[in-house]
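Enquirer: output the structure for:
(2 chains)
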Amino acid sequence: MAAKEFDIPELPTYIEIPELKEGVMDGEGPFKSSEEFQEPLGFPGEKIDNWQEVAIAKMGELKSKYRSVQVFLDSCVKCGACTDKCHYFLGSSDPKNMPVARQDLFRSVYRRHFTFAGKYFPKLVGAKELDDDMLDDWYNYFHQCSQCRRCSVFCPYGIDTAEISMAAREVLDAVGLGQKYCNQILGKALTVGNNLGLPEPALKDTLLDLEEEIEEETGVAVKYPLDVKGAEILLITPSADFFAEPHIDGLIGYGKVFHQDGVSWTMSSYASEGANFGMFIGSYDVMRKAALRIRKAALDLEVSRVMVGECGHAWRVAYSFWNTLSGVGAGAADEFGQKLQDQLDHRYPQPQHIIEYTYDLIQKGELEFNKSENDDRTVTFHDSCNVARATNMGGISGGQFILPREVIKAVCNNYVDMERSTIKESTFCCGGGGGLLTDDLMEIRVKGAMPRMQALKEVEKTDGVDTLAAICAICKSQFSKVLPKFDFDPYMIVSVHQLVSDAIVMDKPQTDDSDAADDAEEETTE
Amino acid sequence: MSAISIFFTALFYISLIVFLVGMARKIYQFWITPAPLKIPTAPTQLTQTGVVMRMAREVALFESLFKSNKWIWLFGWLFHIGLLLVLLRHLRYFWPGDLPEIFLLMQPFKYAAFAMVIGLGGLLARRIFVQRIRYISAPSDYMMLLMLLIIGISGAVMTFTQNHTDVLMVKEFASGLITFDWSNLPTETHFLVHILLVFVLMAIFPISKLLHVPGVFFSPTRNQVDDARKKRHISPWALQQEQEHTVRLEQTLGKDE
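Expert: Residues are numbered from 1 along each chain as shown, chains lettered A, B, ... in the order given. Below is the predicted model:
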């Protein structure tokens, strides 16, 4: 199937709210999942015959299980505050990409089937039947939402389209209309252990190659241990870090920091994925299953700390949901959760973000940097949506904005922020989050990137910014693809830990036990 | 008692019961529906006190709306504060017998009617003239604003023009509703329209978007403390699933065994 032709949006000096262009982003949505990917997740393989009945029943179930869904469906007053907040609307002009209009695809059906006014006065309150057209609109437009939550920041009631979007996708999965990209990846993550389907031997080879490469380049034997039982830290990182560009330079950075700190650490071949796509499809159970793999790895490897690499949605799931899903944190009720919590070292936050770890070391003066190594760069930081709006770092208010910037400033001399209304809690999504990072959604990805690109263009003009740093695997992949479309250098996107890696002074004397990976014990199961 | 008085008296009680029962059921539904995950939106609050303060700013000042859109904030806030002050002043009609002194202080609140009407007018104008808001509006959205606008204007007409109604009679009628000592009400059209719409609005409150009033307090993105790492947050259904081992790792394929 040839990709649809579309215009690349222009980058204005100021973002103007576009005139509505109805139907611009109409379409069939992303590739649909097939039986092969649906069944292992417990979803029907194709659109079922009694889909209407099942969909309505599923909506009823979801609104009784999620307060967010029930309250958000009832509370919207259509004030319009969110209408100009979504990057996909700003970039595409399609009115159904306005957060409230996107929600209304779901809300109008809720009203028709679950409210008095919608049952008896549907026209009056805009209640609609869930027919084929509506279902098609659901599939199309709920896959044009990256669940970035920007609308929620600006809503007077905090209505979060991400919650509605997740619910809609869960209903779609229940009637057999899954998205291929997400569900195929989930299959790999839940069987092989990572989204790329990289099995243990391949992962091991990749890491050995990486070690050789770094040793050749720096003369320092930085190790990337895999399945080392008894290590202190288990690092859970997005699998893109293992070989995608620029992600891998971030992984090199993590390794160097661990090396300098002299801490023992490991990754797990069983749970070699930070990103949890279960969140994208809205499924608590699938998300929990992915999280349980990580708990199992932590138990098997007897680690005392669980740490998460640079990945936005992963950090949201880890920071906000892991304690609920699998008990990485405190206060678990079940046997394995309690076992894990006894095992973890509670002098550290559990889980901890790699940025928090590096920041702490910098604060303690334990890392030395040659900042001039980054003098050829002028850096700006892209707040990844899920880190910015759904997590915290350092346990201080706004820590998720402060810590990454402090780490960058510790290793770079030239740092500039983009316009205030496009960063921190108001940050624009890269355009590829929430399960949209697939080539069959390239049009919406490019259009949705426009607001971020616009802010970047401004600091390029005013401050000569030539480097965009991020702490999310999706952001990094998305920017590599879309930057050239807006006349930027695709290599200007870097990991924050790549900047750390380039400036860190590797003066730690090499010891024998840094060779731990050589005699790594193979992981055994419980 | 005149037929019309009987009608309005009955309508008041019916509307009130619909309102109370409907709201109680809705609040109960919001209350018992669990929030299974921690989903506060930035800027999150790390303590319960912080959350209470955030909610207070949200309810009293419409903080998020202020960040979002200054015009909607201005009109929305004017309307709501106007309505609140006007409602407080209306207590004088329902208060049986002589008024305590505090009601004297509320006398100037009558001017809040202007804030209310200006706010509603602004909101209605935006709904009609701003393309984006027109797109998302259903007939009920206009209807709601029009009803409130007519209530506001008819009230202001009685207060500020020569078309006064018999205030003592109003007081007798209204306080009679509270003390079950029913009496006739004035029959000027603007007064009847005023209370008819108020009673209707009361009745449709629990089945309309006016549910944003309880909704804001139940919004998980606003009322949750951001402390997921420190304290385990789990919903009853998720805990039950956990205890019954509904999700088994062993069921996944591959290396589990």
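
Enquirer: what residues does stretch B:15-27 touch?
Expert: For stretch B:15-27, the external contacting residues (C-beta atoms under 8 Å, 6 or more residues apart in numbering or on different chains) are A:Asp74, B:Phe199, B:Val200, B:Met202, B:Ala203, B:Phe205, B:Pro206, B:Ile207, B:Leu211, B:Pro214. In this view, the C-beta of every residue, glycine as well, is placed from N, C-alpha and C.

Enquirer: doesn't B:Ile14 make contact with B:Arg203?
Expert: Not Arg; residue B:203 is Ala. Yes. With the criterion set as C-beta atoms under 8 Å, B:Ala203 and B:Ile14 qualify as a contacting pair; they are 7.1 Å apart.

Enquirer: of those two, who's got more company?
Expert: Each of B:Ala203 and B:Ile14 had its neighbours counted (other C-beta atoms under 10 Å in any protein chain shown), and the higher figure belongs to B:Ala203 (18 against 13).

Enquirer: quick one, phi/psi of that one?
Expert: phi -70, psi -30 (degrees, to the nearest 10).

Enquirer: tell me the SS of B:Ser183?
Expert: For B:Ser183, the secondary structure call by DSSP: H, G, I helix; E, B strand; the rest coil comes out as coil.

Enquirer: now do the same contact list for it.
Expert: With C-beta under 8 Å, 6+ apart as the criterion, the residues that contact B:Ser183 are B:Met1, B:Ser5, B:Met169, B:Glu172, B:Phe173, B:Gly176.

Enquirer: within range of chain B, give me the residues from the stretch 201-350 of chain A.
Expert: Those residues of the stretch 201-350 of chain A that sit near chain B, judged by C-beta under 8 Å from any C-beta of the partner chain, are A:270, A:284-285, A:288-289, A:292-293, A:296, A:319-321, A:323-324, A:327, A:329-334, A:349-350.

Enquirer: centroid-nearest residue for the chain?
Expert: You didn't say which chain, so I picked chain A. A:His313 (2.6 Å; C-alpha atoms, centre = their mean).

Enquirer: hmm, no, I was thinking of chain B.
Expert: By C-alpha atoms, centre = their mean, chain B has its centre lying nearest to B:Val213, at 3.8 Å.

Enquirer: what's the distance between that one and B:Lys171?
Expert: Look at B:Val213 and B:Lys171: by C-beta to C-beta, to the nearest Å, they are 27 Å apart.

Enquirer: what's the answer for A:Ile355, then?
Expert: With the distance defined as C-beta to C-beta, A:Ile355 ends up 65 Å from B:Lys171.

Enquirer: these two: who's more crowded?
Expert: Under the criterion of other C-beta under 10 Å, the comparison of A:Ile355 against B:Lys171 puts A:Ile355 first, with 27 against 18.

Enquirer: tell me which two in the contacts of stretch B:15-27 are the farthest apart.
Expert: A:Asp74 and B:Phe199 (22.2 Å; C-beta to C-beta).

Enquirer: who's more crowded, those two?
Expert: The residue with more neighbours, out of A:Asp74 and B:Phe199, is A:Asp74; 27 against 18, by other C-beta under 10 Å.

Enquirer: can you give me the helices in the stretch 51-200 of chain B?
Expert: Listed in chain order, the helices found in the stretch 51-200 of chain B under DSSP state H, counting those that start in this stretch are B:63-68, B:70-94, B:102-105, B:112-129, B:131-136, B:139-160, B:167-179, B:189-204.

Enquirer: turn those helices into JSON lines, columns for distance to chain A.
Expert: As requested, the helices of the stretch 51-200 of chain B are exported to JSON lines (distance: least, C-beta to the nearest C-beta, whole Å):
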{"stretch": "helix B:63-68", "distance to chain A": "4"}
{"stretch": "helix B:70-94", "distance to chain A": "5"}
{"stretch": "helix B:102-105", "distance to chain A": "30"}
{"stretch": "helix B:112-129", "distance to chain A": "7"}
{"stretch": "helix B:131-136", "distance to chain A": "4"}
{"stretch": "helix B:139-160", "distance to chain A": "5"}
{"stretch": "helix B:167-179", "distance to chain A": "26"}
{"stretch": "helix B:189-204", "distance to chain A": "8"}
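
Enquirer: what's the spacing between whichever residue of the stretch 51-200 of chain B sits closest to chain A and A:Ile248?
Expert: Among the residues of the stretch 51-200 of chain B, B:Ala138 lies nearest to chain A; the distance is 3.2 Å by C-beta to the nearest C-beta. Separation of B:Ala138 from A:Ile248 (C-beta to C-beta): 51 Å.

Enquirer: looking at the helices of the stretch 51-200 of chain B, which one has the lowest mean pLDDT?
Expert: Across the helices of the stretch 51-200 of chain B, the stretch with the lowest average pLDDT is helix B:102-105; it has a mean of 88.

Enquirer: could you dump that one to CSV, C-alpha only?
Expert: Written as CSV, here are the backbone C-alpha positions of helix B:102-105 (Å, rounded to 0.1, in the frame of the first residue of the first chain):
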residue,chain,number,x,y,z
ILE,B,102,-26.1,39.0,58.1
PHE,B,103,-28.6,39.4,55.3
LEU,B,104,-28.1,43.2,55.3
LEU,B,105,-24.5,42.6,54.3
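
Enquirer: hmm, who's touching that helix?
Expert: Counting by C-beta under 8 Å, 6+ apart, the neighbours of helix B:102-105 from elsewhere in the structure are B:Leu91, B:Arg92, B:Trp95.

Enquirer: rerun that using 7 Å as the cut-off
Expert: When contacts are defined by C-beta atoms under 7 Å, 6 or more residues apart in numbering or on different chains, helix B:102-105 is touched by residues B:Arg92.

Enquirer: could you check the angle the longest helix along chain B makes with helix B:189-204?
Expert: Across chain B, the longest stretch assigned as helix under DSSP state H is helix B:3-32. Relative orientation of helix B:3-32 and helix B:189-204, computed by axes from the mean of the first three to the mean of the last three C-alpha atoms, to 10 degrees: 30 degrees.

Enquirer: sweet, I'm off.
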